[in-house]
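Asks: Task: produce atomic coordinates for the following.
(one chain, ligands or ions: 1)
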Amino acid sequence: LKVAGVPRRTIWRTDDGAAVEIIDQTQLPHAFVTRRLESVADVATAIATMQVRGAPLIGATAAYGVCLQVSEDASDAAIAAACERLQATRPTAVNLGWALESMRSALQSQPLAEREAVAWQRAAAICDEDVATCRAIGKHGAELLIDAWERKRRAGPVEVLTHCNAGWLATVDWGTALAPIYDAAERGVSIHVWVSETRPRNQGAALTAWELANAGIPHTVIVDNVAGHLLQRGGVDLCLTGSDRTTASGDVCNKIGTYLKALAARENGVPFYVALPHSTIDWSLDDGVASIPIEERDGAEVRFVAGRSPSGVQTEVAILPDASAVANYAFDVTPAHLVTALVTERGICEASRAGLASLYPENA
Ligand code: MRU
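Replies: The predicted structure follows:
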């Protein structure tokens with residue numbers, strides 16, 4: 001994606017080769033700030049504090065964390081400790097474990113002296129693969145948007161509802177759920193996106209809205225509770241979200257609030273699509289509700305709302321009584337039967353074991 005006219009990725013190795021640089025997503029939409037990560041500790045902090053977030057980008061960042069470790073100490077013990085530390089940062093997105101496993105298996109058979117070069121090569125390949133994968137998701141998913149536009153005889157834009165941020169910022173480039181929107185818009189399809197704010201971290205309001213504004217895609221931010229009303233009144237042609245972990249049977253775990261949107265979409269006969277790369281599929285799991293670990297984050301994220309004051313100061317304000325307890329579940333599971341179809345880099349399939357097996361026979 002271009003930022004201020006310049007094509008950029010969300011993570012890159014620095015010119016001196018000693019670090020990686022990220023966009024600090026906690027500063028958006030008010031400031032575009034990049035940060036240099038020089039150690040496994042820096043990477044673990046960036047993931048845990050959500051300076052980087054989004055399933056594919058978490059995986060790519062963790063891969064670079066292993067590189068930074070190997071540049072310092074390439075022993076088996078050091079690699080194992082780094083992987084354990086990185087794996088502990090966020091439990092739900094399976095891309096994290098997938099990327100660490102990919103790094104581990106690339107490194108384990110290498111002699112010590114070769115490991116640094118191999119690690120940086122493998123992490124760069126994970127990033128390049130993510131870009132190609134997201135581009136392919138965009139191409140396949142755009143067909144759904146073109147169909148929807150033709151079905152309404154091009155009378156007005158395709159009305160898309162999305163949740164959280166499954167865009168460029170959640171991946172290395174393009175995004176998952178937003179990639180079809182970027183692709184279809186490039187192909188001349190008129191699109192309007194309903195962006196749900198995504199309390200408590202507001203990834204919709206802060207990140208998706210920023211991305212879409214930057215790309216010139218018409219959009220409107222709504223509070224999370226508006227989605228049911230819009231779906232009921234015919235204001236949405238299709239829903240399109242990402243996934244942090246998809247089971248082999250097609251259950252989808254995504255940002256908290258996704259499930260309620262899928263229920264409201266089903267009740268109102270609106271298709272609900274989920275876009276995801278192969279790295280998000282957990283082939284070891286079948287029943288998402290029973291088995292996907294759901295991250296619970298610090299209650300302070302619910303207690304305080306962060307934003308910018310009218311005088312331009314970044315600040316936090318409390319919005320509930322100090323004595324009240326809070327719960328902060330970060331993800332929920334949408335069962336496969338509520339998902340109209342999955343959009344992957346290999347094409348579109350039914351959200352089911354048979355559907356995924358038709359696209360990924362080698363894993364099924
Ligand atoms: O907590 P986050 O911001 O990391 O959650 C991100 C999401 O839920 C996205 O929808 C998901 O990672 C899919 S992104 C390509």
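Asks: and the residue nearest the centre of the chain, what is it in contact with?
Replies: Nearest residue to the geometric centre of the chain (C-alpha atoms, centre = their mean): residue 54, 3.1 Å. Shown in contact with residue 54 (C-beta atoms under 8 Å, 6 or more residues apart in numbering): 165, 166, 169, 170, 171, 242. Where C-beta positions appear, they are placed from N, C-alpha and C, glycine not excepted.
Asks: how deep is the residue in the stretch 201-350 of the chain positioned nearest to the ligand tucked in, by neighbour count?
Replies: Using C-beta to the nearest ligand atom, the single residue of the stretch 201-350 of the chain nearest to the ligand is residue 242, 2.6 Å away. Per other C-beta atoms under 10 Å, the neighbour tally for residue 242 reads 33.
Asks: Also residue 214?
Replies: When neighbours are defined as other C-beta under 10 Å, residue 214 has 16 of them.
Asks: Check residue 315 too.
Replies: By the measure other C-beta under 10 Å, the count of residues near residue 315 is 11.
Asks: what do you get for residue 70?
Replies: Neighbours of residue 70 under the rule other C-beta under 10 Å: 25.
Asks: Residue 326 now?
Replies: The tally of other residues near residue 326 (other C-beta under 10 Å) stands at 12.
Asks: just the one 3 residues further on next, same as before
Replies: Number of residues near residue 329 (other C-beta under 10 Å) recorded here: 11.
Asks: And for residue 118?
Replies: Neighbour count for residue 118, taken as other C-beta under 10 Å: 18.
Asks: In contact with it, which residues are there?
Replies: Residue 118 makes contact with 106, 107, 110, according to C-beta under 8 Å, 6+ apart.
Asks: quick one: the helices in the stretch 201-350 of the chain?
Replies: Using DSSP state H, counting those that start in this stretch, the helices found in the stretch 201-350 of the chain span residues 203, 209-215, 227-232, 258-267, 288-291, 300-303.
Asks: got the buried residues for the fifth one?
Replies: Taking 16 or more other C-beta atoms under 10 Å as the basis for neighbour counts, the residues of helix 288-291 that come out buried are residue 288.
Asks: what do you get for stretch 105-116?
Replies: Buried residues in stretch 105-116, counted by 16+ other C-beta under 10 Å: 106, 107, 115, 116.
Asks: Looking at those, which one is closest to the ligand?
Replies: Using C-beta to the nearest ligand atom, the buried residues of stretch 105-116 come closest to the ligand at residue 106, 23.3 Å.
Asks: Leaving out chain neighbours, which residue sits closest to that closest one?
Replies: In this structure, residue 106 finds its nearest non-sequential neighbour in residue 122, 4.2 Å apart by C-beta to C-beta, 6 or more residues apart in numbering.
Asks: Could I get the average pLDDT for the helix or strand containing the one you found?
Replies: Element membership for residue 122, per DSSP states H and E: helix 112-151. For helix 112-151, mean pLDDT is 98.
Asks: how about the residues of this protein near the ligand?
Replies: Within the chain, the positions lying close to the ligand (C-beta under 6 Å from any ligand atom) are 53-56, 93, 164, 166, 170-171, 176, 203, 242-244, 254-255, 330.
Asks: mind saving the C-alpha coords of stretch 259-267 as PDB?
Replies: The C-alpha trace of stretch 259-267 is given here as PDB (Å, rounded to 0.1, in the frame of the first residue of the first chain):
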ATOM      1  CA  TYR A 259     -19.700 -13.800  16.000                       C
ATOM      2  CA  LEU A 260     -22.600 -11.400  16.800                       C
ATOM      3  CA  LYS A 261     -22.200  -9.900  13.300                       C
ATOM      4  CA  ALA A 262     -22.300 -13.300  11.700                       C
ATOM      5  CA  LEU A 263     -25.500 -14.100  13.700                       C
ATOM      6  CA  ALA A 264     -27.100 -10.900  12.600                       C
ATOM      7  CA  ALA A 265     -26.000 -11.500   9.000                       C
ATOM      8  CA  ARG A 266     -27.500 -15.000   9.000                       C
ATOM      9  CA  GLU A 267     -30.800 -13.700  10.500                       C
END
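Asks: Residues contacting it, please?
Replies: 161, 163, 196, 227-228, 231-232, 236, 239, 241, 271-272, 332-334, 338-339.
Asks: quick one on the thing from earlier: the residue nearest to residue 106 contacts residue 60, doesn't it?
Replies: No: using C-beta atoms under 8 Å, residue 122 is not in contact with residue 60, being 11.1 Å away.
Asks: more crowded one of the two?
Replies: The neighbour count for residue 122 versus residue 60, taken as other C-beta under 10 Å, is higher for residue 60 (29 against 20).
Asks: Now for that one: which residues touch it?
Replies: Each residue near residue 60 by C-beta under 8 Å, 6+ apart is listed here: 11, 99, 123, 126, 127, 130, 171, 172.
Asks: C-terminal to the helix or strand hosting it, what's the next element?
Replies: Assigned by DSSP H and E, residue 60 falls within helix 55-72. Downstream of helix 55-72, the first helix or strand assigned by DSSP H and E is helix 76-87.
Asks: coming back round to it: and the contacts of residue 54, which of them are in helices?
Replies: Among these, none falls in helices (DSSP state H).
Asks: Closest to the ligand out of those residues?
Replies: For the contacts of residue 54, the nearest to the ligand is residue 242 (2.6 Å; C-beta to the nearest ligand atom).
Asks: ok, and the closest non-adjacent residue to the closest one?
Replies: In this structure, residue 242 finds its nearest non-sequential neighbour in residue 166, 2.7 Å apart by C-beta to C-beta, 6+ apart.
Asks: Test my guess that that neighbour contacts residue 181.
Replies: No: checked against C-beta under 8 Å, the pair residue 166 and residue 181 is beyond contact range at 10.2 Å.
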